[in-house]
Structures are given as structure tokens and as C-alpha cells.
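Enquirer: give me coordinates for this.
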Amino acid sequence: MSNESNLSATAPIKLFLVDDDVIFLKLLEIEFISLADFNFSIETFSTGEACIENLSHNPDVIVLDYFLDGIDKNAMNGIDTLDKILAINPNIPVIMLSGQDKIEVAVRCMHHQAFDYVVKSETAFIRLQKIIPTIFKYKKMEMELNWYMNKM
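Expert: This is a model prediction of the structure:
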């Protein structure tokens, strides 16, 4: 049985999608729902503030837009949202998503402890589809390593 099959056989993956572009947000949600290999429980938010307010729902993964203040200039941007998420729960993997393909933006996101950075493009969803199983493989290895270290 593959690791991907293991993911689908367990409880749903709680996924938060955060983007101020409501059309892109809905398309992303539809793409994730249509994945037959995975079972997702999805919550969508158009602001970082709304995402933060709902962290008590304990998401497994958050896909977060870099520019969340594109429509409302007073809204919290993606980096500020990332920092607040990780201050509340540093164990939630956050994948940053942006239309920016500049290396400086990706480096900034990684410097702020994003799990990964994906450029919004025609291949963005394929990348996200591959990153999520990687997150769970990483978490499993981390748990096994912690178990081993505690045995010593």
C-alpha cells in the first residue's frame, strides 16, 4: 500500500485555503475536492485574519497566499499571517502561494519558516498535490526520529 493510499484511508486531511482572490480560491477548493486519492476537509478564507480566528479547528496544512492585501489594503498580508500562524502553532505546515516568481519572494517566505513556496501558474496545483504527501512523510519521519531519540 502506498503512502498516498494510507493518507486516504485515514481521517480527512484538514486543509485551510487562504486567498483574497475568491475565484482562484474556489477553483483551488474544487481541485482539491476532486482528488480521488485524498480525503480533504477544506475551509476557505479570504483574509489572514479569518484564518487566524479559525486556527482552533486544527488544520493539518495551510495553503496561504502571499498577497492577501490586494483587495483590502488594511488586511494582513501573507507574511504577517504566516508569522502569526506559526507563533500560535509552529507545527502547522504552511505552503505559501503567490503570483510572484521572484526568487527574493520565495527566499523571504522560506526565511519566515514556510514549508514550501509555490508560484501561481498552470502547474501550481500539480505542485501542491505533490507537496502535501511530502508533508505527511516528513511528519512521520519526525515522529519516528523523536521516538528513537526518546528511547536513547
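Enquirer: make it CA atoms for all contacts and neighbour counts henceforth
Expert: Will do.
Enquirer: for the closest residue to Thr81 other than its chain neighbours, the count of nearby residues, please.
Expert: Using C-alpha to C-alpha, 6 or more residues apart in numbering and skipping the chain neighbours, the partner closest in space to Thr81 is Gly48 (5.3 Å). Neighbours of Gly48 under the rule other C-alpha atoms under 10 Å: 26.
Enquirer: pretty sure Gly48 is touching Asn74, no?
Expert: No. Counting by C-alpha atoms under 8 Å, Gly48 stays clear of Asn74, with 11.2 Å between them.
Enquirer: contacts only, for the residue nearest to Thr81.
Expert: Gly48 sits next to 18, 68, 75-78, 81 when contact means C-alpha atoms under 8 Å, 6 or more residues apart in numbering.
Enquirer: quick check: the farthest pair among those?
Expert: Val18 and Ala75 (12.6 Å; C-alpha to C-alpha).
Enquirer: buried set for the lengthiest helix in the chain?
Expert: In terms of residue count, the longest helix belonging to the chain (DSSP state H) is helix 124-151. Buried residues in helix 124-151, counting neighbours by 16 or more other C-alpha atoms under 10 Å, are found at 124-125, 128, 131-133, 135-136.
Enquirer: give me the contact list for the helix or strand containing Ile95.
Expert: Using DSSP states H and E, Ile95 falls within strand 94-98. With C-alpha under 8 Å, 6+ apart as the test, strand 94-98 has contacts from 61-67, 78, 82, 109, 114-120.
Enquirer: export the contacts of Gly48 to CSV and tack on distance to Ser41 and pLDDT?
Expert: Shown next, in CSV, are the contacts of Gly48 (distance: C-alpha to C-alpha, whole Å; pLDDT from 0 to 100):
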residue, distance to Ser41, pLDDT
Val18, 14, 97
Leu68, 22, 89
Ala75, 26, 85
Met76, 25, 93
Asn77, 25, 94
Gly78, 22, 95
Thr81, 21, 97
